[in-house]
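Chemist: sharing a model that was predicted from the sequence below.
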There are 2 protein chains.
Amino acid sequence: MSDTKHRRQGLGEPAERDLDQRKATILQAVVSRYIGTAQPVGSQQIAGAAGVSSATVRAEMAALEGDGYLTQPHTSAGRIPTDKGYRFFVDHLARPGVLGQAQRQQVSQFFDQVHGEMEEMLERASGLLADLTSYAAVVVGPGHESAEVRSVQLVGLEPRVALLVVVLADGAVEKRTVDLGEDTPDAVLDGAAAALQSQFCGHALSTLAPIAQTGDPSCDRVLARVEDVLARRGEDDQYDHVFVGGPSHLALAFDAVETVRGVLGILEQEMVVVNLLREVLGRGLSVAIGTEHGYEPLASCAVVVAPVSVEGYEGGAVGILGPTRMNYPEALAAATLVSDGISERLAGLPVVGGSASRSDLHRPRSGAGAKGTNAQATTSSRMRVKGGRGRARG
Amino acid sequence: MSDTKHRRQGLGEPAERDLDQRKATILQAVVSRYIGTAQPVGSQQIAGAAGVSSATVRAEMAALEGDGYLTQPHTSAGRIPTDKGYRFFVDHLARPGVLGQAQRQQVSQFFDQVHGEMEEMLERASGLLADLTSYAAVVVGPGHESAEVRSVQLVGLEPRVALLVVVLADGAVEKRTVDLGEDTPDAVLDGAAAALQSQFCGHALSTLAPIAQTGDPSCDRVLARVEDVLARRGEDDQYDHVFVGGPSHLALAFDAVETVRGVLGILEQEMVVVNLLREVLGRGLSVAIGTEHGYEPLASCAVVVAPVSVEGYEGGAVGILGPTRMNYPEALAAATLVSDGISERLAGLPVVGGSASRSDLHRPRSGAGAKGTNAQATTSSRMRVKGGRGRARG
DNA sequence: ATTGGCAGTCGGTAGACTTGACTGCCAGAC
DNA sequence: GTCTGGCAGTCAAGTCTACCGACTGCCAAT
């Protein structure tokens, strides 16, 4: 339903077909004022701006209410926008937002100065985005499914426990404890590690299903354990990279304490947050208003999402979560700015300090291409899995 | 267990010296009722329970107010406890709390079923603790300063960028990007890694200051870079292991939205949270009420802290953050239960699955001893650095 | 020392009333 | 036809009053 409207824009129909010019102007005025003041907007307030009398505005407002764009909290109160009203505003009326000079500088300064590991950068970026907008922000890092394995290591921690450490080309490190079942000398671990190394290096972690046997029974036993462990990965790993910034802003964004409680509760569930962002992005929406995303507890929220793309494919997202009467233009501008910054930064990672050398220079084009398609597949299958609980992971 | 209580009692002074028996009873009744109802408590409400008339209670209440244990929101209202009142309650009046059967089972079930990496366990434990108490919970994992290094590795990511990966005996993996400055072949990296490995393995990461040179200039250049990177560690790393659970509970814990906003804002700053817990633990307090901890924005909060000890030294903590009128006995019981569970679990880590083998069996006693002293030193120096204000309470 | 009684204080609630900001409708002007 | 001004009606919110109820503090009696 919501996609429908979004699609319409592409069909070449003028935006004013659904709503004549004056209605659109009035709707825009109502939404703008309501976003600013959080108070119902009366006909007199916008009579001047619209260039017509309040009576005319009233008539138009009544029509808009009839069409579902506006509503009244009670008779004899002004109008407030419905979700549909916000939707129309975002799709057709909102002028591209511009951040203030100070804010833009804050962003560029952030990305100039930021350094260190990706996780830390993403975390701080979520804080930045929250600061910029005064709403809660969510940053999801790109998954590592498509990154090449650079190193595989098995480190013995205890006689029968080892740690599998995988280093990926993007600088990520995945670790997993492996219960070996019986005491295993380091030599065997080293042998197994060498076998793993030769099989995994240069490939994406997700493309490897079976581990080839070596012939050495004790070594193969270890490899089997490793395979078990790797098979169990997936699910949880996707949610390792969620960073929520500035949830405290939400305390002031809603008047009902219960709403605050509910929304914060949702934000605590990283899994839900990630799926929410993915769904919104997956529908080609960058804004989900009210119930458009289908999460009941967030019915009074709007979500603005911008993709983070690295090397052409989308691997992550930044999102802004606020009340439906959020400042959409500003939020969209902020989300875009930050997501662009992150994308750029990630393309330059992993480099410490300032001078970012494009990693393309170091990686074969073909490799990047393969990554791209792979990531696409992974992403869309994720979507499918999420929605219908379709096939178990193969 | 509140050390303060024990200390006071240890002095041989009866707890009733500060407050006679009846005042104590009345104070206890007021605190208990206020914790339950959040409403000011009048003299009649507790006249029956105290076995005296309301007039007598009033007189005693007036005395308690004069001594600073109670206060009135306004004339003609009942009394509510002051921070001092809560403090006396916690130290002398609170009966050791007992969690309900269901809750105890929830905890034991959690620790029976929990598996996987330490971080995940701690994170979920914070959620558990929040669920148990309906307040916000904080879990800080033990630092890795004292853990033996098991493996050091340098993985080339790009020609002039490598990733330093250090695996510790407790299963933790630290990674750090190293800007090599110039293109460096893998052979050199391997050589440097071997040198690092031989120097670091078996020692705690924190005990190593200078890295010995090898004689090979290109290798030493890499080592110098690594040393730089290691020198910059510290500070930030301590805050990697903070897990905040159930902050949404705070939305309902305070009536003023501004307070909620402020407290949530504090919780977002991991650094502050960690220092808060450390200070509270460092003072020998397990409960900090109101302004006792010195963080103004948390003046309307109380913090319950229990240490997480592994192999005898304290390496982490669990905390509960709630309003000053929190249920202290229950919170103390829950914090203790969960911290014990974590301690036990950590002693058994890193083991996947259920059967936890005490790691003592695998590690030399001497090593554990060295760890202990080392950790002590690190911990206390931390305290000194942070607090700066000797022992205010004691 | 304790108690019951009594006066005083003050927040909270309920009701009546007013105010103000709306809307909807309609008749008249353009 | 469309737009406008005017008018009546509606309703939330604010004000004022009165009153109730839950307190406390004080005091005299036990």
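Modeler: Done, it's in.

Chemist: hey, let's count contacts and neighbours off CA atoms from now on
Modeler: Fine.

Chemist: now do the SS call for A:L321.
Modeler: strand (DSSP: H, G, I helix; E, B strand; the rest coil).

Chemist: so it touches A:V304, yeah?
Modeler: Yes. The pair A:L321 / A:V304 is scored as a contact, 6.7 Å apart, by Cα atoms under 8 Å.

Chemist: looking at the stretch 201-350 of chain A, which residue is nearest DNA strand D?
Modeler: Closest approach between the stretch 201-350 of chain A and DNA strand D, counting by Cα to the nearest atom of the strand: A:D255, at 12.1 Å.

Chemist: look up phi and psi at that residue.
Modeler: When quoted as degrees, to the nearest 10, the phi and psi of A:D255 stand at phi -90, psi -30.

Chemist: how many other residues sit next to it?
Modeler: 11 (other Cα atoms under 10 Å in any protein chain shown).

Chemist: and if you look at A:R261?
Modeler: 20.

Chemist: the helix or strand harbouring it near chain B anywhere?
Modeler: Using DSSP states H and E, A:R261 sits within helix A:257-268. Yes. In terms of Cα under 8 Å from any Cα of the partner chain, part of helix A:257-268 sits within range of chain B, namely A:257-258, A:260-262, A:264-265, A:268.

Chemist: what does stretch A:131-146 give?
Modeler: No. Applying Cα under 8 Å from any Cα, one finds stretch A:131-146 out of contact with chain B, separated by at least 11.5 Å.

Chemist: what's the span of that stretch, first residue to last?
Modeler: 32 Å (Cα to Cα, to the nearest Å).

Chemist: who does A:V318 form a beta bridge with?
Modeler: A:V139, A:A306 (DSSP bridges).

Chemist: repeat for the one 5 residues further on
Modeler: Each beta-bridge partner of A:P323 is listed here, defined by DSSP bridges: A:C301.

Chemist: report how many residues lie close to it.
Modeler: By other Cα under 10 Å, the residues close to A:P323 number 21.

Chemist: A:A137: what secondary structure?
Modeler: Taking three-state DSSP, the label given to A:A137 is strand.

Chemist: where does chain A come near DNA strand C, residue by residue?
Modeler: A:41-45, A:54-55, A:58-59, A:61-62, A:75-79 (Cα under 7 Å from any atom of the strand).

Chemist: which of the residues you listed has the most neighbours?
Modeler: Highest count within the residues of chain A next to DNA strand C by other Cα under 10 Å belongs to A:R79, 27 neighbours.

Chemist: just give me the residue closest to the centre of chain A.
Modeler: A:A317 (3.0 Å; Cα atoms, centre = their mean).

Chemist: out of everything not next to it in sequence, what's closest to that one?
Modeler: Nearest residue to A:A317, sequence neighbours excluded (Cα to Cα, 6 or more residues apart in numbering or on different chains): A:P307, at 4.3 Å.

Chemist: for chain A, which residues are neighbours of DNA strand D?
Modeler: Checking chain A against DNA strand D by Cα under 7 Å from any atom of the strand, the hits are A:51-56, A:74-77.

Chemist: let's go with 6 Å and repeat that
Modeler: With Cα under 6 Å from any atom of the strand as the criterion, chain A meets DNA strand D at residues A:52-53, A:55-56, A:74-76.

Chemist: and these as a markdown table, adding secondary structure and distance to A:R87?
Modeler: Converted to a markdown table, the residues of chain A next to DNA strand D look like this (DSSP: H, G, I helix; E, B strand; the rest coil; distance: Cα to Cα, whole Å):
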| residue | secondary structure | distance to A:R87 |
| --- | --- | --- |
| A:V52 | coil | 25 |
| A:S53 | coil | 26 |
| A:A55 | helix | 26 |
| A:T56 | helix | 24 |
| A:H74 | coil | 22 |
| A:T75 | coil | 24 |
| A:S76 | coil | 25 |
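
Chemist: and the furthest pair within these?
Modeler: The largest separation in those, counting by Cα to Cα, is between A:V52 and A:H74 at 24.5 Å.

Chemist: who has more neighbours, the two?
Modeler: Ranked by neighbour count (other Cα under 10 Å), A:V52 and A:H74 place A:V52 first, with 13 against 9.
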